[in-house]
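J.: could you work out the structure for the sequence below:
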Amino acid sequence: MAAFAADCQGSLSVEAVLALPLLCWFYVGSFVWFDAYRAQTTNARAAYTIADMISRESGVDTGYLAGLVNVFDFMTVKGGPPTVRISSVRCRGNCDDPSGRQLDVCWSWVNREGRAGLGSGDLAGLDGRIPMMPLGDTLILTETALSYEPAFNVGLPTLDLEQFVVTRPRFAPEVENGSESCY
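T.: Numbers count the residues shown, from 1 in each chain. Sure thing, here's the model as predicted:
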């Protein structure tokens, strides 16, 4: 019996059987978590890219905005269909005082049926996310949402990756959408 307890032959095989599943789970889990962070970063970069593209325009139409959704879809991870909402917001009233500023939605566009465009009443919930701006100034709000499904089940649920980007028009006082304007 003492010779059996002292025998070390085959211990490498036993250790491999015990360690290999844990090592494989760690490798797959690392891949899934890295991929989720990559998808989140790609979503943010794509949202900033289309916000920057809009800020360089003086006017857009629905065809241009639909093309931006194609750009966003091309740049991001293929999950579910992306949701993109683009809105132009103008400040009126006392814009230096957070309690006295009034924000109006000039126009809002959403790429998916069943989703509502941004209304002036919805801006109260976004007040802390919209920076202070001069009286009469406009901003472009770009909101994106994308569903991310992990490749393997390692405890990470399906994620809804959302991004909220505020951009100021660069070359014009506002970005017009067809006949819709702030002024």
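
J.: Ile54 contacts Ile140, doesn't it?
T.: Yes. If you go by Cβ atoms under 8 Å, Ile54 and Ile140 touch, sitting 5.3 Å apart. The way it works is simple: take the backbone N, C-alpha and C, and place the C-beta from them, glycine included.

J.: so what sits against both of those two?
T.: By the contact definition Cβ atoms under 8 Å, 6 or more residues apart in numbering, Ile54 and Ile140 are jointly contacted by 86, 167, 175.

J.: mind giving me the PyMOL command for buried ones among the residues you listed?
T.: Burial among these is assessed by 16 or more other Cβ atoms under 10 Å; the matching PyMOL selection reads:
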select buried, resi 86+167+175
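
J.: can you list the shared contacts of Ile54 and Ile140 in CSV and add secondary structure?
T.: Listed next are those as CSV, based on DSSP: H, G, I helix; E, B strand; the rest coil:
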residue, secondary structure
Ile86, strand
Thr167, strand
Val175, coil
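
J.: hmm, which of the shared contacts of Ile54 and Ile140 is lowest in pLDDT?
T.: Ranked by pLDDT, the shared contacts of Ile54 and Ile140 bottom out at Val175 (84).

J.: distance of it from Ile50?
T.: 12 Å (Cβ to Cβ, to the nearest Å).

J.: do the same with Leu18
T.: If you go by Cβ to Cβ, the gap between Leu18 and Ile50 works out to 50 Å.

J.: same check on Ser11?
T.: As judged by Cβ to Cβ, Ser11 and Ile50 stand 58 Å apart.

J.: okay, these two: which has more neighbours?
T.: Neighbours were counted for Ser11 and for Ile50 using other Cβ atoms under 10 Å; Ile50 has more, 23 against 9.

J.: secondary structure element for the more buried one?
T.: helix 11-55 (DSSP states H and E).

J.: now Cys91, what's its secondary structure?
T.: strand.

J.: list the residues that contact it.
T.: 101-103, 133-139.

J.: nearest to Gly119, of those residues?
T.: Proximity of the contacts of Cys91 to Gly119 (Cβ to Cβ) peaks at Leu103, which lies at 11.1 Å.

J.: roughly how far does Phe74 sit from Gly117?
T.: 24 Å.

J.: just the buried members of the contacts of Cys91?
T.: Counted by 16+ other Cβ under 10 Å, these give 101, 103, 133, 137-139 as buried.
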